[in-house]
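Asks: Return atomic coordinates for the entry below.
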Amino acid sequence: MIFSSMQLSDAILWYTGMKKNTINYLTTSVLIPLILSLQVLYNIYIRNRKKNKEKNKNKNRIITVFTSLIILYLFYRFNGYSRPLCSNKLSSPVWASKEIQLWELIVFATIIIYPNWNAIAYTVFIVFPLIFILYGGGYGSLWCAVANILAIYYLYKY
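Replies: Numbering: from 1, shown residues only. Here you go, the predicted structure:
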């Protein structure tokens, strides 16, 4: 559900034509980093706690500091206005008008998918290279779209 929420933010950007206005700024600078932060928080504090069957809160201060730094970085990184990748109406937005770097995608994917190393390897070595080769931009938005397609597949399968 958190991944699909990202498509809502992209839809808001598409609907407004990605013009430099208040809606674009708030969607890019608040909604997108908030959704990305929720993905990090969910994996670290809910999903991994359930896997480890811990009943107490995560008391590891290093993980808490690391998580806080990641969230601060997300809000810093995505501060600004989004722009379309190209001129058609369905182009993926380039969040904060600065393309996401491959290292940022790899670090983020590892943080939100860990401890599933097979899924991390699949994402890093197959999904990301295909997105980079086929599209040439809008990587974060396209990755979320691929995740939603997989979610629909798993919903149907299970």
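Asks: Following element in sequence after the helix or strand hosting residue 105, please.
Replies: Using DSSP states H and E, the element containing residue 105 is helix 102-113. With elements assigned by DSSP H and E, the helix or strand that comes after helix 102-113 is helix 117-122.
Asks: What are the contacting residues of that following helix?
Replies: 109-110, 113-114 (CB atoms under 8 Å, 6 or more residues apart in numbering). All C-beta spots, glycine's among them, are computed from the backbone N, C-alpha and C.
Asks: need these in JSON lines with pLDDT, can you?
Replies: Below are those laid out as JSON lines (pLDDT from 0 to 100):
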{"residue": "109", "pLDDT": "88"}
{"residue": "110", "pLDDT": "90"}
{"residue": "113", "pLDDT": "86"}
{"residue": "114", "pLDDT": "86"}
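Asks: still on that earlier bit, format the CA atom coordinates belonging to the helix holding residue 105 as PDB.
Replies: Only the C-alpha atoms of helix 102-113 are listed here, as PDB (Å, rounded to 0.1, in the frame of the first residue of the first chain):
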ATOM      1  CA  LEU A 102      21.900   4.800  -9.300                       C
ATOM      2  CA  TRP A 103      23.700   4.700  -5.900                       C
ATOM      3  CA  GLU A 104      20.700   6.400  -4.300                       C
ATOM      4  CA  LEU A 105      18.300   3.800  -5.700                       C
ATOM      5  CA  ILE A 106      20.500   0.900  -4.700                       C
ATOM      6  CA  VAL A 107      20.900   2.200  -1.100                       C
ATOM      7  CA  PHE A 108      17.200   2.900  -0.800                       C
ATOM      8  CA  ALA A 109      16.200  -0.500  -2.300                       C
ATOM      9  CA  THR A 110      18.500  -2.300   0.100                       C
ATOM     10  CA  ILE A 111      17.100  -0.400   3.100                       C
ATOM     11  CA  ILE A 112      13.400  -1.100   2.200                       C
ATOM     12  CA  ILE A 113      13.800  -4.700   1.000                       C
END
